[in-house]
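1. okay, here's the prediction I keep looking at, along with the sequence it came from:
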Amino acid sequence: MEMAGKQDAPTAVVEVDPDGMVSGWSEGGRLLLGWTAQETVGRPVADLLVDPPPRGFPEGYGAGPDPTGFTALRHRDGSTVDAVLTAHPLFGPDGRSMGHAVTVQCWGRRPVVADRAFEQCPFALGVYDPELRFLWINASSGRVIAHSEEQVLGKKYREVLPEFDRTLFPERDDKPYTDKLSEVARTGEPARLITVFRPRGSDYANAWATSIWPVRDAAGRVCAIANWGFDMSAEYWARQRLLILNEASGGIGRTLDVIGTAQELARTPVPGFVDRVSVDLFEEVLRGEEPPSVSAFDPGETIRLSRAAQHSTKVDADQAPEAMAPVTHAPGSVAARCMATGRSAVELTAEPGEGGEWAFGPGLAADPAHWPPGNPVIDGSIADDGLTGRITVPLRARGALLGVVSFSRLDRPEAFTADDLILAEELAAKAAVAIDNARRYSRERTTALTLQRSLLPQVLPNQEAVEVASRYLPGGTGAEVGGDWFDVIPLSGARVALVVGDVVGHGLHASASMGRLRTAVRTLADVDLPPDELLTHLDDLVLHLAGDHRPDGHFQPAGESGATCLYTVYDPVSRRLSFASAGHPLPLIIAPDGTRPPVPAHPGPPLGVGGLPFEAAELELPEGSLLALYTDGLVRSHERDVEEGITELQRVLHHSTTSLEDLCDTVMDDMLLDSRTDDAALLLARTRALDPHHVADWDVEPDTAQVPHARKFAVDQVDAWGLEEAAFVTELVVSELVTNAIRYGEPPIRLRLIRDSSLICEVSDASNTAPHLRRARAFDEGGRGLLLVAQLTQGWGTRHTGNGKTIWCAQAPPSRT
């Protein structure tokens, strides 16, 4: 580097004869090396070399693909000049060799302005030998390592900058940089890296972009490692802010849960942006209710909130707070002012520098953004809480104030910038909308769930046909309430209807539609329609309901407003089960011996399609058979399809238990997964068979003379059952019903008495004409019979069968003492 300061160092030309003697010397030689022509001509050219000449010198210089050689030459003043030599052969007219013309250029020759450019370069420049000894650094590099060039030349990197204990100084870790230098020296491959570290003497972590490349000699060997780097802190931290915002976009609001969303807000900016985040919300927000009005706030009043979430880099402060722990913000506090004014606040412990400008770490220049009015505020008291800075932002969404969030820095000394305030407000804005969505969803879900539970049977009705137990669970957290329902409906003739259904969709609309369908099923069941006919009428109702929901009155597709339903009727007298399905899974049946009788039917179309028939099926069941009616939320999940779920349900139903209630609990525990998103309804029934001695029937001839015999048959049977006190009413009822069947019906006529939880009287005939109750006038001779039946019994009605109708009535038998 001896010639670094010589301005405009010339190129020297030396003529060398075939014997290696200098035969010509240019003026450039004198200027470059100080020797005159008188002093050099006639002397061996090798005298100009510091080291012994290589074999063939100077013939070898200028040959091969790389004509340049690096040589140390003697200057007249005794110094050494690093030069680049290039030999050019000389020939006479006859082609005879006359020696060589050798050009000599100073190695690294450059004007002073170039030296100054490198020295004053704002980038950190440096050159190391393969052992990582300093060969040269510029002023910028010296400022970064807090050492001058004279202090480091010839020393190894670690002699000047010992490696920090990363457990004590994680922010000052420059090991990735030295590792990369060693790697380039070893492999000879250039490399680039970005390192974040806190330079010596600085309280700010900087991001540096560095390029490292090998320097090779004429033989291609790595003789040095050079690097340049620049402080890209502003760009790096801007990119980090964008990454945090991107993470917030995908990480905040993933669940429709207020507490969960608050926790997502608390975790997202730690530790990349701040060291601790706390989120405080109003109690009303946590309950899904409307928050207090913004106009009602006074910064002079104490504000009571609940700590919904808190996250910190400190181990002792990273524990989640107690569930909805109460938090108060004193009158005039920063949080109280922020909530009252709707504006954020930045508190710093730092003081402004000279001229009022803010001091930022090396390389961070000035804050590119402008502080909003009133910010930042110097508050040394926050240091008492172990803070170096805090940003407080009110949580507002759709004009409503939900609470407040604080972003705090604990040990890191970097002062918040105006860009940091923008980031904090962006995070709070995203979270506020998500929290408000969760609050609104929570309110709607609570309303829908309350509506749905009010529409479902609270207590299953008493009946003797089957033993029943049921369970209903709404969808998991974050799922809307669905339209699942079930019902148990006592029917005439000691029969019972078991129903389960599912309305398409979720939310209030689904719950309301479910209530309308359940009411419709009960109404149609009172008419005692066969299962397939009942579903046909229900299908028409769903189509009309869909039309009611459109302004133009046109029907909607089934996928938008449909439902599924399974309707079954069990008769304990005949032990026969009849059923039909509208797009709903068929019942699972398990006989007392553990076998599964085949179900001779297929689900029909869902309700709301219209124009398609429903298939009815019937089978006889042994007493004690288990029936399982369910909705698809019980068997379907993300982890398994419906068929796998049904197979699993069949396995669980084989659990031995003495109670249907226990079996219900077992099914729900085993079948429902944590990841479920749909409602699940289950209705279990174990069939009973009516004692044949509790059923008596008699064929009645179509002659009014048979009425006395029918009365006597009924009275004798009631007496035989020990229900003598019911004999009088039974005699009157039988007389009226049999007389009407003979006069207005068609044979065959049949009388049947059933002793169950009530005393049932049935008269069947082949006519489809149904009687109706009417008011008899003063002088009418008829019309009072059915009125008498209605007054004397608990209920009466008509059910149509495939070959006629049955008129029935039921009365509560007197209690036996």
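-> That came in fine, so what should we check first?

2. what segments of the stretch 401-550 of the chain are strands?
-> For the stretch 401-550 of the chain, strands defined by DSSP state E, counting those that start in this stretch occupy the ranges 466-473, 482-490, 496-506.

3. go on, the stretch 651-800 of the chain?
-> Using DSSP E, counting those that start in this stretch, the strands of the stretch 651-800 of the chain run over 680-687, 695-700, 749-755, 759-765, 795-801.

4. tell me the contacts of residue 726?
-> When the contact criterion is C-beta atoms under 8 Å, 6 or more residues apart in numbering, the partners of residue 726 are 718, 759, 811, 813-814. To be clear about C-beta, it is placed using only N, CA and C from the backbone, and glycine gets the same treatment.

5. name the SS class of residue 598, please.
-> For residue 598, the secondary structure call by DSSP: H, G, I helix; E, B strand; the rest coil comes out as coil.

6. now the most centrally placed residue in the chain: how far from residue 232?
-> A centroid search over the chain (C-alpha atoms, centre = their mean) returns residue 254, at 3.8 Å, as the residue closest to the centre. According to C-beta to C-beta, to the nearest Å, residue 254 stands 33 Å off from residue 232.

7. so residue 637 touches residue 645, yeah?
-> Yes: contact between residue 637 and residue 645 holds when scored by C-beta atoms under 8 Å: they sit 7.2 Å apart.

8. pLDDT weak spots in the stretch 201-350 of the chain?
-> Across the stretch 201-350 of the chain, residues meeting the criterion (pLDDT under 70) sit at 201-204, 294-300, 315-324, 350.

9. from the contacts of residue 726, which would you call buried?
-> In terms of neighbour count (16 or more other C-beta atoms under 10 Å), the buried residues within the contacts of residue 726 are 718, 759, 811, 813.

10. restricted to helices, list the residues you listed.
-> Judged by DSSP state H, helices contain the following of the buried ones among the contacts of residue 726: residue 718.

11. least confident of the buried ones among the contacts of residue 726?
-> Per-residue confidence over these reaches its minimum at residue 813, where pLDDT is 72.

12. quick one: contacts for that residue?
-> Contact partners of residue 813, counting by C-beta under 8 Å, 6+ apart, are 723, 726, 755, 758-759.

13. residue 105 should be in a strand, yeah?
-> Yes: applying three-state DSSP, one finds residue 105 inside a strand.

14. partners of it in the sheet?
-> Taking DSSP bridges, one obtains residue 84 as the residues bridged to residue 105.

15. with adjacent residues omitted, what lies nearest to residue 276?
-> Leaving out its chain neighbours, the residue that sits closest to residue 276 by C-beta to C-beta, 6 or more residues apart in numbering is residue 312, at 3.9 Å.

16. I'd like to know how far that neighbour sits from residue 795.
-> If you measure residue 312 against residue 795 using C-beta to C-beta, the figure is 68 Å.

17. of those two, give the one with the bigger neighbour count.
-> Comparing residue 312 with residue 795 by other C-beta atoms under 10 Å, the one with more neighbours is residue 312, at 19 against 13.

18. quick check: phi and psi at the more buried one.
-> phi -150, psi 160 (degrees, to the nearest 10).

19. can you tell me how far it is from residue 379?
-> Relative to residue 379, residue 312 is positioned 20 Å away (C-beta to C-beta).

20. likewise for residue 371?
-> Computed with C-beta to C-beta, the distance linking residue 371 and residue 379 is 15 Å.

21. so where do the helices sit in the stretch 301-450 of the chain?
-> Assigned helices in the stretch 301-450 of the chain, in chain order: 334-341, 418-455 (criterion: DSSP state H, counting those that start in this stretch).

22. residue 74: which of those helices is closest?
-> Nearest to residue 74 among the helices of the stretch 301-450 of the chain is helix 418-455 (60.0 Å), distances taken as C-beta to C-beta.

23. using CSV, lay out the helices of the stretch 301-450 of the chain together with mean neighbour count and distance to residue 28.
-> Putting these into CSV (neighbours: other C-beta atoms under 10 Å; distance: least, C-beta to C-beta, whole Å) gives the following:
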stretch, mean neighbour count, distance to residue 28
helix 334-341, 21, 75
helix 418-455, 19, 58
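
24. least reliable of the ones you listed going by mean pLDDT?
-> Minimum mean pLDDT among these: helix 418-455, a mean of 82.

25. just want the angle from that one to strand 496-506.
-> Angle between the axes of helix 418-455 and strand 496-506 is 160 degrees (criterion: axes from the mean of the first three to the mean of the last three C-alpha atoms, to 10 degrees).
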